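In: what shape does this take:
(one chain, ligands or ions: 1)
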Amino acid sequence: MDDLKFNKVAAGFLLAALLAMAGYKISEMLVPHQELAENAYPIEVQVASTSTDAPAAKQGPEPILALLASADVDAGIKVGKKCTACHVFDKGGQNKVGPALWNIVNADKGAVDGFGYSTALAEMDGNWDYQALNGFLYKPKAYLAGTKMNFAGLKKPQDRANMIAYLRSLADSPAALPSDADIAAEASQLAQ
Ligand code: HEC
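Out: Numbering: from 1, shown residues only. I've put the predicted structure just below:
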């Protein structure tokens with residue numbers, strides 16, 4: 001490479017470097033560097049509720065009884081697809097990862113023959129009435145600490161109503177629908 005060519009190439013590099021620096025300065029002038037007032041990607045941290053006197057019902061699922069009368073069993077069958085990895089709905093169906101769910105509405109909790117329940121569910125009193133199912137299906141682990149049903153829950157009240165209506169249909173004689181008095185009682189209980 002002769003001297004002249006070398007100088008040209010060197011000058012080219014220099015110019016490029018100068019332009020890059022100038023560009024950087026100009027862009028800094030145009031768009032001044034700012035500290036973000038807030039985190040651009042908010043990180044959600046769950047703050048445990050510190051108040052102990054808040055009624056538990058307020059944090060739980062929405063009331064369900066009023067929705068049941070108009071719930072849609074066909075829509076419930078669709079919601080039920082989320083359950084079939086673990087549950088069978090047919091009459092005489094076998095237990096899988098979860099217990100068979102034929103005739104579960106109003107059945108004793110944790111009482112399907114031959115299923116190995118968690119201690120938490122096995123020791124739970126009561127029946128799977130509509131409100132119990134509403135609470136459990138909303139968020140199983142919150143309703144029953146220690147349950148081995150690994151399912152996030154059905155957050156939409158209409159999905160739970162449709163699902164429960166489908167469960168209700170899975171019986172030789174389906175449970176009675178809630179009466180107006182039941183609906184009113186549930187509403188006033190949750191309003192307290
Ligand atoms: C990942 C598997 C899985 C999925 C998905 C799942 N379940 Fe379960 N389910 C279980 C297991 C396991 C149990 C037993 C829980 C225990 O013993 O604590 C259970 C228990 C239950 C019970 C209580 C039954 C009894 O005999 O007391 C009901 C009701 C129920 N599931 C309904 C549903 C419905 C409805 C869905 C879908 C919306 C669903 N589950 C989705 C695994 C699952």
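In: now do the contacts for the residue lying closest to residue 85 once chain neighbours are set aside.
Out: Leaving aside its sequence neighbours, residue 85 sits nearest to residue 97 (CB to CB, 6 or more residues apart in numbering; 7.1 Å). Where C-beta positions appear, they are placed from N, C-alpha and C, glycine not excepted. Residue 97 makes contacts with 85-87, as judged by CB atoms under 8 Å, 6 or more residues apart in numbering.
In: do that again at 10 Å, thanks
Out: Applying CB atoms under 10 Å, 6 or more residues apart in numbering to residue 97 gives the contacts 85-87, 148-150.
In: and the furthest pair within those?
Out: Using CB to CB, the contacts of residue 97 reach their maximum pairwise distance at 85 and 148, which is 14.0 Å.
In: mind checking how far residue 176 is from residue 133?
Out: Distance of residue 176 to residue 133, given as CB to CB, to the nearest Å: 15 Å.
In: who has more neighbours, those two?
Out: Using other CB atoms under 10 Å as the criterion, residue 176 and residue 133 rank with residue 133 on top: 21 against 9.
In: picking that back up, do you know how far the residue nearest to residue 85 is from the ligand?
Out: When CB to the nearest ligand atom, to the nearest Å is the yardstick, residue 97 and the ligand sit 5 Å from each other.
In: cool, residue 119 as well?
Out: 8 Å.
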